[in-house]
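Asker: Sequence and computational prediction follow.
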2 protein chains.
Amino acid sequence: MPSIWILGGDGYLGWPTAMHFSNRGYQVTVIDNYFRRSSCKSLDLGMLYSVPNLVDRAKIWYEKTGYEIKVVITDLSDPIEFRKLFDGEMKSHWFLSDPCINTPETIIHYAEQPSAPYSVLDHKHADTTLINNLRVTHNLVWLVKEFSPDIHIIKLGTMGEYGTPNIDIEEGWLNISHNGRSDKFLYPRQANSIYHTSKIMDTDLMWYAVRIWGLKVTDLMQGPVYGIETDETILDNRLRTIFNYDEIFGTVLNRFIVQAVCNHPLTIYGSGNQARGYINIRDTLQCVHASELNPAKTSELRIFNQITEVFKVNQLVNMVKKVGKSRGYKVSIENIKNPRNESEEHYYNPSYQGLKDIGVSPNILTEDVLHKFFEIVEEHKKDIRKDVIFKGIKW
Amino acid sequence: MPSIWILGGDGYLGWPTAMHFSNRGYQVTVIDNYFRRSSCKSLDLGMLYSVPNLVDRAKIWYEKTGYEIKVVITDLSDPIEFRKLFDGEMKSHWFLSDPCINTPETIIHYAEQPSAPYSVLDHKHADTTLINNLRVTHNLVWLVKEFSPDIHIIKLGTMGEYGTPNIDIEEGWLNISHNGRSDKFLYPRQANSIYHTSKIMDTDLMWYAVRIWGLKVTDLMQGPVYGIETDETILDNRLRTIFNYDEIFGTVLNRFIVQAVCNHPLTIYGSGNQARGYINIRDTLQCVHASELNPAKTSELRIFNQITEVFKVNQLVNMVKKVGKSRGYKVSIENIKNPRNESEEHYYNPSYQGLKDIGVSPNILTEDVLHKFFEIVEEHKKDIRKDVIFKGIKW
């Protein structure tokens, strides 16, 4: 079976992705520097429950399934460390019989500081975001070019790269006519945080690597993800993914569910008319897997918009409120001054057909899905720290 | 008189810019880390003549004019070092009576690794380019936001950000209509080196800082610069600017003149049909000064295309050949395989009206200008190192 590296394999998406591929027989190696865990500690952000470290996760996974996931703890923003993965110097921190890390057919790149609020906390956190994200991506394209240009890179981008333009959002590209001539360009990008800007830059870097060096890249413009469970996390509670509900690492729907369960008002930033594309964590795995099965071609930067439904924040709130009430919660709502510098009334019409065309079948956000989500959060109700839900970060 | 900081004030453009403003009574501080000098040493790239260090340059300038230019040698890619300039901790390495560095009205930002070939030498040099350029610009916008958001930032970009699109190149912005709706965006950018890509990213960063924080920025998309002399460098030979003629730091016309003078064939990359916009170093100073006198507004990212004429490489070669022959040189031509990954036959129609509209009066490339240029290079004919002219760097 093919070999896959998952950069950022300890994260909210990384670990479920690792189990997803391993469960289907792929040889999986996860690489991480525990950035999320150390940031949660230093910023005092509680997780909903604690999770074992990556080596222990791999051991539990092996106990449950008989599959091996290799584990490397290192900092991929360091060009010299990252190079060791390719030249055979780096060994797995846990393995069954062979500690060597083989060059993969596919690299899934989640190894980035993923939070917009983190990126605008202050100069230092912005610097960390910019340098970490750019350097990991830059190291990746150089090393793939040098060691194995046939590797398919699947990179998580963000719908936030596009911002909220006044024209339809296409999937990555736009044909432009001007003064009687025309050309095709990357769709215009302008983002509202240093984090999102770093992802625009990643796309610029990969477009360079594809055009000039002939690499194969799929860039997935993902919307905010929600959910906890996947087919693999349910095998054992200790295999659950990291789950944050604070305003730095928590995504919006995940936060609303936790707020409802602990009787904290649902915090709407501004009017709540901001529209975005959302996706269930199960569909992230589906999308990444479909991309792996249908790789980009040599010299192709293939871009998909990885969302399954568009909602305004107020629509999400109303759904959570309805389901929460039916479960006996009060569910109040608080419109707070928007800390983000974003349009609250705007046009939003993104395309998202490409992933369906290669076989993705979306999991829609139904009341059943929300009920199930509430159930899991309720298991940990007593552990919710209300003080981390909202600290009032200014952008 | 207003105070100005010149980041990268030791470079080919930085030092002449410093003298230009100082000569007109501005309080000038130059900041540099000697990157160009140390790179020339480590890569064994000869300069046409040696120049005094920055403190000595400032002393000579004072002897000749009575004007003080303050000097700081530090690495602006380091957030902590850069901060010291703003919080008063950093003192001038040379001064008349007061070592303090005052917060300026204008910051002119040249402090970047400026060479495309350098940026693609290998992974390490690409990393240096990306991290240096992004970090200096990022530090700059954070510190200006924090300490003095009214400062006008004048940043050198490059025409190379646009690449060679099949549509007319506008000055930074493009109105796009799509499916019956329209919006205005940064003009699409796609570049052919890591260096040029880092400048695209700089523009993204500054557009963020302008939109979200309300900074004032002028981004100058400059074409390849040629020339040695300015009104200030002629006051004393020791005040001349750094002049490179190697394939890493030398710009194309500067290289052709040196090649002609030392009987090296003029090296044309590929067909020589590549069109670019060019500018005389005297006009760089004019453009920057006009931008300083007519600053960008709060929340404005003002973009000018800083070129004065468009030539194909073959046109430049023919001009140099004609003038060279009239001065008694043989002037042969060698079409070498293009080491750059660039289109050799392409549409190229850039606008460049904005700087003229604020008063810039271009110095056109005439035979007289070329004769004068030959004369200066001839003074150093015996010092030209033929071995550094062409080493065959692959992109």
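Answerer: Structure received.

Asker: Measure how the lengthiest helix in chain A sits relative to helix B:123-147, angle-wise.
Answerer: Secondary structure of chain A read by DSSP state H shows that its longest helix is helix A:123-147. Angle, helix A:123-147 to helix B:123-147, by axes from the mean of the first three to the mean of the last three CA atoms, to 10 degrees: 160 degrees.

Asker: Can you give me the buried ones in helix A:123-147?
Answerer: Residues A:123, A:125-145 are the ones in helix A:123-147 that count as buried (16 or more other CB atoms under 10 Å in any protein chain shown). Just so you know, the C-beta spots here come from the backbone N, C-alpha and C atoms, and that holds for glycine as well.

Asker: among these, which are in reach of chain B?
Answerer: The residues of those that also fall near chain B, by CB under 8 Å from any CB of the partner chain, are A:123, A:126, A:127, A:130, A:131, A:134, A:135, A:138, A:139, A:142, A:143.

Asker: can you tell me which residues contact the fourth one?
Answerer: Okay, so that is residue A:130. When contacts are counted by CB atoms under 8 Å, 6 or more residues apart in numbering or on different chains, residue A:130 touches A:119, A:194, A:197, A:198, A:201, B:134, B:135, B:138.

Asker: In TSV, list these along with pLDDT and distance to residue B:80.
Answerer: TSV is the format used below for the contacts of residue A:130 (pLDDT from 0 to 100; distance: CB to CB, whole Å):
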residue	pLDDT	distance to residue B:80
A:119	97	19
A:194	98	18
A:197	98	22
A:198	98	21
A:201	98	23
B:134	98	17
B:135	98	12
B:138	98	14
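
Asker: what about the strands in the stretch 201-350 of chain A?
Answerer: A:216-222, A:225-226, A:266-269, A:275-280, A:300-306, A:309-312, A:333-336 (DSSP state E, counting those that start in this stretch).

Asker: What values do phi and psi take at the nearest residue to residue A:391 once chain neighbours are set aside?
Answerer: Using CB to CB, 6 or more residues apart in numbering or on different chains and skipping residues adjacent in sequence, the residue nearest residue A:391 is residue A:247, 6.4 Å away. Dihedral angles of residue A:247 (phi, psi; degrees, to the nearest 10) stand at phi -80, psi 0.

Asker: and residue A:247, what does it touch?
Answerer: By CB under 8 Å, 6+ apart, the contact list for residue A:247 reads A:117, A:255, A:389, A:390, A:391, A:393.

Asker: Which residue, other than its chain neighbours, is closest to residue A:118?
Answerer: residue A:248 is the one closest to residue A:118 (CB to CB, 6+ apart), at 5.1 Å.

Asker: Residue A:105 now?
Answerer: residue A:2 (4.3 Å).

Asker: what's around the one you found, how many residues?
Answerer: 14 (other CB atoms under 10 Å in any protein chain shown).

Asker: from what I can see it touches residue A:102, true?
Answerer: No. In this structure, residue A:2 is not within contact of residue A:102 by CB atoms under 8 Å, at 10.2 Å.

Asker: Now list whatever residues contact both of the two.
Answerer: In contact with both residue A:2 and residue A:102: residue A:27, using CB under 8 Å, 6+ apart.

Asker: Of all the residues in the stretch 251-395 of chain A, which one is nearest chain B?
Answerer: residue A:341 (4.8 Å; CB to the nearest CB).

Asker: Kindly state the pLDDT recorded for that residue?
Answerer: As predicted, residue A:341 sits at a pLDDT of 85.

Asker: Chain A: helices as residue ranges?
Answerer: Going by DSSP H, chain A shows helices at A:14-23, A:35-42, A:54-65, A:79-86, A:116-119, A:123-147, A:194-213, A:252-261, A:281-293, A:313-326, A:354-357, A:367-379.

Asker: Quick one: those as JSON lines, columns for distance to residue B:62 too.
Answerer: JSON lines is the format used below for those (distance: least, CB to CB, whole Å):
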{"stretch": "helix A:14-23", "distance to residue B:62": "59"}
{"stretch": "helix A:35-42", "distance to residue B:62": "49"}
{"stretch": "helix A:54-65", "distance to residue B:62": "61"}
{"stretch": "helix A:79-86", "distance to residue B:62": "43"}
{"stretch": "helix A:116-119", "distance to residue B:62": "44"}
{"stretch": "helix A:123-147", "distance to residue B:62": "35"}
{"stretch": "helix A:194-213", "distance to residue B:62": "41"}
{"stretch": "helix A:252-261", "distance to residue B:62": "60"}
{"stretch": "helix A:281-293", "distance to residue B:62": "63"}
{"stretch": "helix A:313-326", "distance to residue B:62": "61"}
{"stretch": "helix A:354-357", "distance to residue B:62": "64"}
{"stretch": "helix A:367-379", "distance to residue B:62": "70"}
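
Asker: Count the residues that sit near the closest residue in space to residue A:125 that isn't next to it in sequence.
Answerer: Spatially, and ignoring its direct neighbours in sequence, residue A:125 is nearest to residue A:118 (5.6 Å; CB to CB, 6+ apart). The number of residues packed near residue A:118 is 22, by other CB under 10 Å.

Asker: residues in contact with residue A:118?
Answerer: Going by CB under 8 Å, 6+ apart, the list of residues near residue A:118 reads A:39, A:43, A:125, A:129, A:195, A:248, A:249.

Asker: between the residues you listed, which is closest to residue A:357?
Answerer: Residue A:357 lies nearest to residue A:195 out of the contacts of residue A:118, by CB to CB, at 29.1 Å.

Asker: That closest one is in contact with residue A:115, isn't it?
Answerer: Yes. Judged on CB under 8 Å, residue A:195 makes contact with residue A:115 at a distance of 6.2 Å.

Asker: measure the residue nearest to residue A:391 to residue A:116 for me?
Answerer: Counting by CB to CB, to the nearest Å, the separation of residue A:247 from residue A:116 is 10 Å.

Asker: coming back round to it: JSON lines for the strands of the stretch 201-350 of chain A, including distance to chain B and mean neighbour count?
Answerer: Formatted as JSON lines, the strands of the stretch 201-350 of chain A follow (distance: least, CB to the nearest CB, whole Å; neighbours: other CB atoms under 10 Å in any protein chain shown):
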{"stretch": "strand A:216-222", "distance to chain B": "14", "mean neighbour count": "26"}
{"stretch": "strand A:225-226", "distance to chain B": "24", "mean neighbour count": "22"}
{"stretch": "strand A:266-269", "distance to chain B": "15", "mean neighbour count": "20"}
{"stretch": "strand A:275-280", "distance to chain B": "15", "mean neighbour count": "22"}
{"stretch": "strand A:300-306", "distance to chain B": "11", "mean neighbour count": "23"}
{"stretch": "strand A:309-312", "distance to chain B": "16", "mean neighbour count": "18"}
{"stretch": "strand A:333-336", "distance to chain B": "19", "mean neighbour count": "14"}
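
Asker: Give the closest residue to residue A:268 in space, chain neighbours not counted.
Answerer: Nearest one to residue A:268, counting by CB to CB, 6+ apart, is residue A:335 at 4.9 Å.
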